[in-house]
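Trainee: sequence first, predicted coordinates after that:
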Amino acid sequence: MKGLLVLSHHVEDGEALTTRALLRRAGFDVVTITYENTLDIETAFGLSVKADFFAHDIHLDHYDFVVIPGGKYVAHVVDQDIHIKELVKYFHKKQKCVAAICAGPRFLGQAGILDGIHFTAYTGSEKDAPKGFYHPDKKAMTDQHIITARGAGAVYEFVFDIVKYFQGEEKAQALLNQILY
């Protein structure tokens, strides 16, 4: 499986980096992309990481899924954003997996792809998906090809759901067993 993970300045460290690391451990090819004007990204807690590619340099058809991490950047850009919303709409239209964690589902909600979908997200993020079915008590959940999680504390459940979606519950459980979850 090949996936994209979006990095933006002030992305939540664990939601982005742990998700990528665990998916790679499970055998997924995860490439990081950015819409920023530099590949050098500073995370929410001051780590310097380098995105693999600028978003405009990749071919979306070569990827099976997209991951949108949360972080404080979301509140600053979501209302004006067009890039991330168009990205998730593209994957949704192709019936490919769209995964978002914490405040990341706000992009999905504003793009209209959570309409009629059961989802979870960081408290307050549900306001962007008034036609969806918000489950604040769930750490992570899957509805059709949409996977959501409520925050950094749910990264393991989030990755479990992604791996389960593509490889089945046995492989997802094997990943958790491997890391002594």
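Mentor: Received the coordinates, thanks.

Trainee: ok, which stretches of this structure are strands?
Mentor: Using DSSP state E, the strands of the chain run over residues 2-7, 29-34, 40-42, 48-50, 53-54, 65-68, 97-101, 118-119, 133-134, 140-143, 146-149.

Trainee: check contacts around the nearest residue to residue 39 once chain neighbours are set aside.
Mentor: Closest residue to residue 39 apart from its sequence neighbours, by CB to CB, 6 or more residues apart in numbering: residue 51 at 4.7 Å. Every C-beta, even on glycine, is put in place using the N, C-alpha and C of the backbone. Counting by CB atoms under 8 Å, 6 or more residues apart in numbering, residue 51 makes contact with 7, 32, 33, 34, 36, 39, 41.

Trainee: need the per-residue pLDDT for the third one.
Mentor: The one in question is residue 33. For residue 33, the model assigns a pLDDT of 98.

Trainee: before we move on, the earlier item: what subset of the contacts of residue 51 is buried?
Mentor: Neighbour counting with 16 or more other CB atoms under 10 Å marks 7, 32, 33, 34, 36, 41 as buried within the contacts of residue 51.

Trainee: go through stretch 141-148 and flag the buried ones.
Mentor: 141, 142, 143, 145, 146, 147, 148.

Trainee: returning to that earlier point: ok, the contacts of residue 51 vs residue 102, which is closest?
Mentor: residue 7 (14.3 Å; CB to CB).

Trainee: quick check: that closest one vs residue 59, distance?
Mentor: Using CB to CB, to the nearest Å, residue 7 is found at 18 Å from residue 59.

Trainee: same deal with residue 171?
Mentor: According to CB to CB, residue 171 and residue 59 sit 27 Å apart.
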